[in-house]
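Participant: prediction below, plus the sequence it came from.
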Amino acid sequence: MYLAQYYLDCLSQASYMIADETTGRAVVVDPRIDVQEYLDDAARRGFTVEGVINTHLHADFISGHFEIARRTGAWIGYGDRAEARFPFRPLADGERISLGEVVLEVMHTPGHTPESISIVVHERPGDAAPYGVLTGDALFIGDVGRPDLAASFGHSPERLAPMLYDSVHNRLMGLPDATRLFPGHGAGSACGKNLSTEKWSTIGEQRLSNYAVQPMDVETFTELVTEGQEAIPAYFVHDAGRNREAREPVDIDALARPLEPEEFLARRAAGAVVVDSRDQLAFSAGHLRGSVNIGTEGRFAETSGMVVEPDREILIVAAEGSERETAMRLARVGLDRIAGHLARPEASLAGMADLVERAPRVGAEELRASLAGPERPVVVDVRGAAERDREGTVPGAVHIPLAALPSRAGEIPDDRPVVVHCAGGYRSSVAASYLRSLGRENVSDLVGGYGAYRLTAA
């Protein structure tokens, strides 16, 4: 048997390929849209990809089922409760998919979404216990999936949480302790609040260490898994809707075309948003006025989804050589209305001197001095709630998590200078540039974030 995990750090997302090495028959589970890695792996090993299974209708990325199906002729499978608006193979609870000696058994595990399934992997027919289980977003290492992400589609957490309790406590925990557990996400994902950095575990290890699978009644479970969840990124609703619909495969190369300055500026004037994916230092030294700085050195795709409207045309300013990577990472989260990127960015920006400006930044000592002075600025903390509670905060700071900023920007007073901070500076550069793109003036970000501010304490 061949079982490979493909882990994408910037989205904390795991996809898988399972194959029978004797027959060469393979299935890909929960693929992202840039599918070449799976196809190259299959070709090297002489596998034929026969099917693509999605454990549920994903909200945090665009699934690559159409891309694989177009390239290989593979069938597309979902749990038979899926409300998808395209033909798919409905997978019933207990259904067994034979790849040869290797058999995949479908287990319905609703709760994160109503149609969620897990895939139990049997390496050989006579084995006493399964080799492993791919749990999608039902069970993570250290946590379980959120039951509140499907609310926009009429599925309340009050309805889904009891389903999740049964799926986790009675079904997945009913597997033998030695069964390997392969989750859909790891630490950093917004699909849970306590995810581990480990990439796989066992049912037995989770039985001992996972807070959500300890003995408890359904009411206690519901309270535990719903409290303390961070704000849902705005793009989740968009992606969940896109993954329900038929669509054409995404052509990354077509999205990464160079634009001469004249066309670039014309599209900007017509309302396109400029995403500047260079690092903070390059952006602060000079950028096109109104650009949003989302550096590719951080959680670029997820962060872009928080602050870029999915139906808005996108223009890219990127470091030379990284244009295609930037377009691909945007497309992974459904931001694929990309007109192209600015050709020869350094030279082109130099020729737009009247439209280029520096990004105002404030040091920690300067912030402390201004907070003690007569014209105290508004400090905006864009970290998550748990992060802020754990690390501390600037006294009097307005707390608006980055994911909530587009809907709550109006809460920030506009009669004083604004200083935005996060933990280390990445998210604050995003937030400050986003606020300036809305027309807000005198908005700075804190160099070094709260970590630098804390070090200046007396």
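Facilitator: Received the coordinates, thanks.

Participant: contact partners of stretch 257-277?
Facilitator: Residues outside stretch 257-277 that contact it (CB atoms under 8 Å, 6 or more residues apart in numbering) are 283, 287-288, 290-296, 300, 304, 308-309, 312-319, 322-323, 326, 330, 339-343, 348, 351-352, 355, 433, 437. Yep, even glycine has a C-beta here, placed from its N, CA and C like the rest.

Participant: let's see that with 7 Å instead.
Facilitator: 283, 287-288, 290-296, 300, 304, 308, 312-318, 322, 326, 339-343, 348, 351-352 (CB atoms under 7 Å, 6 or more residues apart in numbering).

Participant: list the buried residues of that stretch.
Facilitator: Residues of stretch 257-277 classed as buried by neighbour count (16 or more other CB atoms under 10 Å): Leu259, Pro261, Phe264, Leu265, Arg267, Arg268, Ala272, Val273, Val274, Val275, Asp276, Ser277.

Participant: from the residues you listed, which land in strands?
Facilitator: Leu259, Val273, Val274, Val275, Asp276 (DSSP state E).

Participant: beta partners of the third one?
Facilitator: The one in question is Val274. Leu315 (DSSP bridges).

Participant: residue contacts, Gln255?
Facilitator: Wrong residue type there; residue 255 is Leu, not Gln. Counted by CB under 7 Å, 6+ apart, Leu255 has contacts Ala327, Ala331, Asp336, Ile338.

Participant: what is the burial count for the residue lying closest to the third one once chain neighbours are set aside?
Facilitator: Setting aside the residues directly before and after it, Asp336 is nearest to Val250 in space (CB to CB, 6 or more residues apart in numbering), at 5.7 Å. Other residues within reach of Val250, judged by other CB atoms under 10 Å, total 20.

Participant: from Met163, how far out is Val250?
Facilitator: 32 Å (CB to CB, to the nearest Å).

Participant: before we move on, what about Gly448?
Facilitator: 44 Å.

Participant: could you flag which of the contacts of stretch 257-277 are buried?
Facilitator: 283, 287-288, 291-296, 300, 304, 308, 314-318, 322, 326, 339-343, 348.

Participant: among those residues, which ones are in helices?
Facilitator: Phe283, Phe300, Ser304, Thr326, Ser348 (DSSP state H).

Participant: look at the last one and report its pLDDT.
Facilitator: Among the per-residue scores, Ser348 holds a pLDDT of 96.

Participant: I figured it was touching His341, is that so?
Facilitator: No: using CB atoms under 7 Å, Ser348 is not in contact with His341, being 10.2 Å away.

Participant: widest-spaced pair of the contacts of Leu255?
Facilitator: Ala327 and Asp336 (8.2 Å; CB to CB).

Participant: which of those two has more neighbours?
Facilitator: Ala327 (27 against 21).

Participant: and that one, how close does it get to Gly271?
Facilitator: Distance from Ala327 to Gly271, by CB to CB: 19 Å.

Participant: same question, Ser370
Facilitator: Distance from Ser370 to Gly271, by CB to CB: 35 Å.

Participant: ok, now Tyr2?
Facilitator: Using CB to CB, Tyr2 is found at 48 Å from Gly271.

Participant: which helix runs longest in this structure?
Facilitator: As assigned by DSSP H, the longest helix anywhere in the chain is helix 426-437.

Participant: restricting to C-alpha, output that one in PDB.
Facilitator: Extracted as PDB, the C-alpha positions of helix 426-437 are listed here (Å, rounded to 0.1, in the frame of the first residue of the first chain):
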ATOM      1  CA  TYR A 426       2.800  40.800   9.600                       C
ATOM      2  CA  ARG A 427      -0.900  41.100  10.300                       C
ATOM      3  CA  SER A 428      -0.600  44.800  11.300                       C
ATOM      4  CA  SER A 429       0.900  45.700   8.000                       C
ATOM      5  CA  VAL A 430      -2.000  44.000   6.300                       C
ATOM      6  CA  ALA A 431      -4.600  45.700   8.500                       C
ATOM      7  CA  ALA A 432      -3.000  49.200   8.300                       C
ATOM      8  CA  SER A 433      -2.700  49.000   4.500                       C
ATOM      9  CA  TYR A 434      -6.300  47.800   4.300                       C
ATOM     10  CA  LEU A 435      -7.600  50.700   6.400                       C
ATOM     11  CA  ARG A 436      -5.600  53.100   4.200                       C
ATOM     12  CA  SER A 437      -7.100  51.500   1.100                       C
END
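
Participant: thought Pro183 was touching Asp143?
Facilitator: No: contact between Pro183 and Asp143 fails when scored by CB under 7 Å: they sit 8.9 Å apart.

Participant: those two: who's more crowded?
Facilitator: Pro183 (33 against 23).

Participant: which residues touch the nearest residue to the more buried one once chain neighbours are set aside?
Facilitator: Closest residue to Pro183 apart from its sequence neighbours, by CB to CB, 6+ apart: Phe140 at 4.6 Å. By CB under 7 Å, 6+ apart, Phe140 lies in contact with Pro183, His185, Gly192, Leu195.
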